[in-house]
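Q: fold the following and give me the result.
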Amino acid sequence: MHLERLHEWNLTPVEAIALQKELAPRVVRDGDPGDVRLVAAADLAFVDRRWPRQPTRGRAAVVLMRYPELDVIEEQVVEGDVNFPYVPGLLSFREAPLLAQALERLEGAPDLLLIDGHGYAHPRRFGIASHLGLMADLPTIGCAKSRLCGDNAEPGPRRGAKAELRLGDEVIGAVLRTREGVKPIYVSVGHKIGLEAAVRWALRLAPRFRLPEPIREADALSKKRRA
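A: Have a look, this model is predicted:
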């Protein structure tokens, strides 16, 4: 799988913020992938935390699944040093270098990409899902477990209930209940997909649990346990 090299990763936080502002207008926030047969997801776990000393060690995992069967047909794992410090809003500069390496090892060609993190639901509208989506030039959805910014009402209790995630007057994402009686997830556009389509796909890919199955499998692989 080919990813475009948009920039160097050896940046300061100030330079990273400036780059986010520069790249954000390139994100496409409409579309709905049609004939989806292969879905990929990526996640990263820290395997050797040496905070506050840097670097620490990370394990990036990517899974490729058939849709609608949702069975895993390919896995890729890359371990390496994580050199960028923890800075809220700059997650992609900390995790994306290893995730990009794992994605580039995929032999299959996904039609849709899911990232454990935010996309447009970001202070500068360029979270990790948008960053990797732009590099991969694929329809990409950000699915996060917690809110980074904005405000929202609580969605209804039933599966499929949703509420707008707003920052000021702008809708930046959706809060989606994927399972009754379980906390919702935060869905946002990564790249080349509209928000309503992103919500529909997130729900389709989460038939049993809170998180979409591809992200659950990538999370399990990054932690060396099966979902």
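
Q: state the mean pLDDT of the host helix or strand of Ser130.
A: Assigned by DSSP states H and E, Ser130 falls within helix 128-136. For helix 128-136, mean pLDDT is 98.

Q: who does the following helix or strand past that helix pair with, and is each partner parallel or antiparallel?
A: Later in the chain than helix 128-136, the nearest helix or strand by DSSP H and E is strand 140-144. Using DSSP bridges, the strands paired with strand 140-144 in its sheet are strand 112-116 (parallel), strand 185-191 (antiparallel).

Q: mean confidence for strand 140-144?
A: 98.

Q: check stretch 161-171 too.
A: Mean predicted confidence for stretch 161-171 is 97.

Q: for it, list every residue counted as buried.
A: By neighbour count on 16 or more other CB atoms under 10 Å, the buried set for stretch 161-171 is 162-167. Heads up, the C-betas are built off the backbone N, CA and C, glycines and all.

Q: export the residues you listed to CSV and tack on distance to Gly181?
A: As requested, the buried residues of stretch 161-171 are exported to CSV (distance: CB to CB, whole Å):
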residue, distance to Gly181
Lys162, 16
Ala163, 16
Glu164, 22
Leu165, 21
Arg166, 25
Leu167, 28
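
Q: next, the residue nearest to Arg66 when sequence neighbours are not counted: phi, psi?
A: Nearest in space to Arg66, with sequence neighbours left out and distances taken as CB to CB, 6 or more residues apart in numbering, is Ile73 at 5.8 Å. The phi/psi pair for Ile73 (degrees, to the nearest 10) reads phi -120, psi -10.

Q: report how many residues lie close to Ile73.
A: 12 (other CB atoms under 10 Å).

Q: how about Val82?
A: 24.

Q: with adjacent residues omitted, what lies nearest to it?
A: Gly58 (4.4 Å).

Q: neighbours around Val189, how many?
A: 33.

Q: and for Pro85?
A: So Pro85, with other CB under 10 Å, has 15 neighbours.

Q: was I right about it contacting Phe93?
A: No: if you go by CB atoms under 8 Å, Pro85 and Phe93 don't touch, sitting 9.1 Å apart.

Q: strand 112-116 and the helix or strand containing the residue nearest to Val82, what's the angle between them?
A: Using DSSP H and E, Gly58 maps to strand 56-66. Angle of strand 56-66 versus strand 112-116, following axes from the mean of the first three to the mean of the last three CA atoms, to 10 degrees, is 150 degrees.

Q: measure stretch 145-155 end to end?
A: By CA to CA, to the nearest Å, the extent of stretch 145-155 from end to end equals 15 Å.

Q: check stretch 95-113 too.
A: 16 Å.

Q: list the buried residues for that stretch?
A: Those would be 95-103, 106, 110-113, for stretch 95-113 by 16+ other CB under 10 Å.
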